[in-house]
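Participant: kindly generate the corresponding structure for this input.
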Amino acid sequence: MNIIWLGHGSFRIETQGQVLLIDPWLTGNPVLPEDRHDAVLEGATHILLTHTHFDHVADVLPLAKHLKIPVVGQYDLMGYWSEAEGIETVGFNKGGTVDLNGVMVTMVPASHSSTFSTPDGLRTGGSEVGFMIVAEGRMLYVSGDTDIMADMEWMGDYYKPDIGILSAGGHFTMDMKAAAYAAKRYFDFKTVIPCHYKTFPILEQSAQALIDGLPGVDVIEPEVMKAITV
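Facilitator: Just a heads-up that it's a prediction; the model follows:
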């Protein structure tokens, strides 16, 4: 399994012959060079969406139409996009699992918000979620944008993910110290990859507090477009 950070909360996951783009933010992403966009998209098979804030959803519809691949996400929004935008979607909901050609994806709760701008003001686009992804004998937890939440207790106990991609930039989500607390209290990760940081000055710029808070865990500070093989 290759986990490739695209900057911010965006990832490319290559596993079992599938290429999953999670919240792919390309246009205007200040840390993703424009000349790497084609490499991001090469061979993509699915787009997974955690919520509809601009830094996660801005490129989803254009990419789905251009690449002709399905968007996988919360049922209400997927149903609307299927009808209104004419794209292929896979809609499901929290607790549900879908089979993406052998890669099993379960939707789990997150604690955030999920809105987008319209000429008539903000509108809600489904609800914020995370994912548990099973492939190659590994269980990967993608937290999406979230704070610490009590649901993490049963999620850690029930799903037992060994890899965690955790939003940890602060201001909009957990910060590094909080992410370390959540990982230590609720999960038994072997590997943790922070995200949703470094993008803007308002966010945390270092994962040192996460590293310091998780002795014995392989905390990997990702580099944009550099594969992490797990």
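Participant: read off the pLDDT value for the nearest residue to Ser117 once chain neighbours are set aside.
Facilitator: In this structure, Ser117 finds its nearest non-sequential neighbour in Phe54, 7.3 Å apart by CB to CB, 6 or more residues apart in numbering. Bear in mind the C-beta positions are built from the backbone N, C-alpha and C, glycine included. pLDDT recorded at Phe54 is 86.
Participant: how much space between Phe54 and His8?
Facilitator: Distance check for Phe54 against His8: by CB to CB, to the nearest Å, it reads 11 Å.
Participant: below-threshold pLDDT in the chain: ranges please.
Facilitator: The chain contains no residues with pLDDT under 70.
Participant: burial of the nearest residue to Arg36 once chain neighbours are set aside, as a residue count?
Facilitator: Nearest non-adjacent residue to Arg36, counting by CB to CB, 6+ apart: Met225, 5.4 Å away. As a burial measure, Met225 scores 16 neighbours (other CB atoms under 10 Å).
Participant: with Lys226 instead?
Facilitator: Neighbours around Lys226, by other CB under 10 Å: 10.
Participant: pretty sure it is touching Trp5, no?
Facilitator: Yes. Using CB atoms under 8 Å, Lys226 is in contact with Trp5, at 7.5 Å.
Participant: in terms of contact, does Val90 touch Pro70 like I think?
Facilitator: Yes. In this structure, Val90 is within contact of Pro70 by CB under 8 Å, at 5.2 Å.
Participant: buried residues in stretch 122-140?
Facilitator: Across stretch 122-140, burial judged by 16 or more other CB atoms under 10 Å covers 125-135, 139-140.
Participant: check stretch 42-51 too.
Facilitator: 44-51.
Participant: then stretch 52-60?
Facilitator: Buried residues in stretch 52-60 (16+ other CB under 10 Å): 52-53, 55-60.
Participant: from those residues, which land in helices?
Facilitator: Those of the buried residues of stretch 52-60 mapping onto helices are 55-57, 60, per DSSP state H.
Participant: need these in TSV (columns: distance to Phe189).
Facilitator: Formatted as TSV, those follow (distance: CB to CB, whole Å):
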residue	distance to Phe189
Asp55	25
His56	23
Val57	27
Val60	28
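Participant: what about dumping the CA coordinates of stretch 150-169 to PDB?
Facilitator: Provided in PDB are the C-alpha atoms of stretch 150-169 (Å, rounded to 0.1, in the frame of the first residue of the first chain):
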ATOM      1  CA  ALA A 150     -16.100   9.800  22.200                       C
ATOM      2  CA  ASP A 151     -16.900   7.700  19.100                       C
ATOM      3  CA  MET A 152     -13.200   7.100  18.700                       C
ATOM      4  CA  GLU A 153     -13.400   4.700  21.700                       C
ATOM      5  CA  TRP A 154     -15.700   2.200  20.100                       C
ATOM      6  CA  MET A 155     -14.100   2.800  16.600                       C
ATOM      7  CA  GLY A 156     -10.700   1.900  17.900                       C
ATOM      8  CA  ASP A 157     -12.000  -1.100  19.800                       C
ATOM      9  CA  TYR A 158     -14.200  -2.400  17.000                       C
ATOM     10  CA  TYR A 159     -12.200  -1.700  13.900                       C
ATOM     11  CA  LYS A 160      -8.700  -1.900  15.400                       C
ATOM     12  CA  PRO A 161      -7.000   0.200  12.700                       C
ATOM     13  CA  ASP A 162      -3.200  -0.100  12.700                       C
ATOM     14  CA  ILE A 163      -2.600   3.000  10.500                       C
ATOM     15  CA  GLY A 164      -4.100   6.400  11.200                       C
ATOM     16  CA  ILE A 165      -4.200   9.400   8.900                       C
ATOM     17  CA  LEU A 166      -5.200  12.100  11.400                       C
ATOM     18  CA  SER A 167      -6.200  15.700  10.800                       C
ATOM     19  CA  ALA A 168      -4.000  17.600  13.300                       C
ATOM     20  CA  GLY A 169      -3.400  21.200  12.200                       C
END
